[in-house]
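> here is the input, now give the coordinates:
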Amino acid sequence: MTDQKEEPVVVGRIELMLLRELQQAVAEMRATRGRDALTERLDRADSQWHDFLEHGALRAPVGRCLFFGCWGQPGHCLIAPSGTSRTGLPSDEAWALAEALDGAFAPRRGRDGAIVCGNHYVYEGRAYGTEECAQGEFLRHRLGKWSLLQWWDRCQGDTRGACNSTILLEGERTTAELLQALETRFPSVLENLKQHGVKLVDVTDRFEAAKEQP
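Okay, here's the model as predicted:
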């Protein structure tokens, strides 16, 4: 008997729609009920959906995917695609990653109109006189083993200044791959942006050009 190769599973629009509905339901229920047996069961079901996407779907990104930002309430944290803080990272690594991310990579506008960010404007003496760029304007960066996009975001449960959101994928990733990961793994983030009329706009080229200026 010859071995037969398994055909890859293709995730269609219905499956992705169900995933989005499930993730939104978990988030809403957690906000009203807190942590209990039912929300734990929903978390496990959501995780199983994401396992299916990662291992059985052609369109799912490969590798660990995380979101950093507000999640239905004030305060920033790392979130797994299940909508929980169970990222699979060691606690010290997760803490260090969160500390390094918070607002450090979102674009700011200097007095001269140049795009700068936390990783550069502090060290270049540009901290004073800068202001946050518009919500949704993002920069692509590498941080250790992670590729990431970060933007200012007051649509995820906290309307105060300095709120920011980040999508992360392990390895060297393109902007398109990161945006796809955001759409498939954290659809509620995009839905919240849409409800507030905020669009994601890449300003990385303007940031790179500003770095080359004396």
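> the worst-scoring helix or strand of the chain on mean pLDDT: what's the following helix or strand?
Using mean pLDDT, DSSP states H and E, helix 118-121 stands out as the lowest-scoring helix or strand of the chain, at a mean of 52. Counting by DSSP states H and E, the next helix or strand C-terminal to helix 118-121 is strand 131-132.
> what residues does that following strand touch?
Strand 131-132 has contacts (CB atoms under 8 Å, 6 or more residues apart in numbering) with 106, 107, 108, 109, 152, 161, 162. In this view, the C-beta of every residue, glycine as well, is placed from N, C-alpha and C.
> doesn't the first one belong to a helix?
No: remark: residue 106 does not belong to a helix; assigned using DSSP: H, G, I helix; E, B strand; the rest coil, it is coil.
> neighbours around it, how many?
26 (other CB atoms under 10 Å).
> quick one: contacts for residue 65?
So residue 65 contacts 81, 167, 168, 169, 170, 181, 185 (CB under 8 Å, 6+ apart).
> return a ChimeraX selection command for the buried portion of those.
ChimeraX command restricting these to the buried ones, with burial defined by 16 or more other CB atoms under 10 Å:
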select :81,167,168,169,181,185
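> out of the contacts of residue 65, which sit inside helices?
Of those, the ones assigned to helices by DSSP state H are 181, 185.
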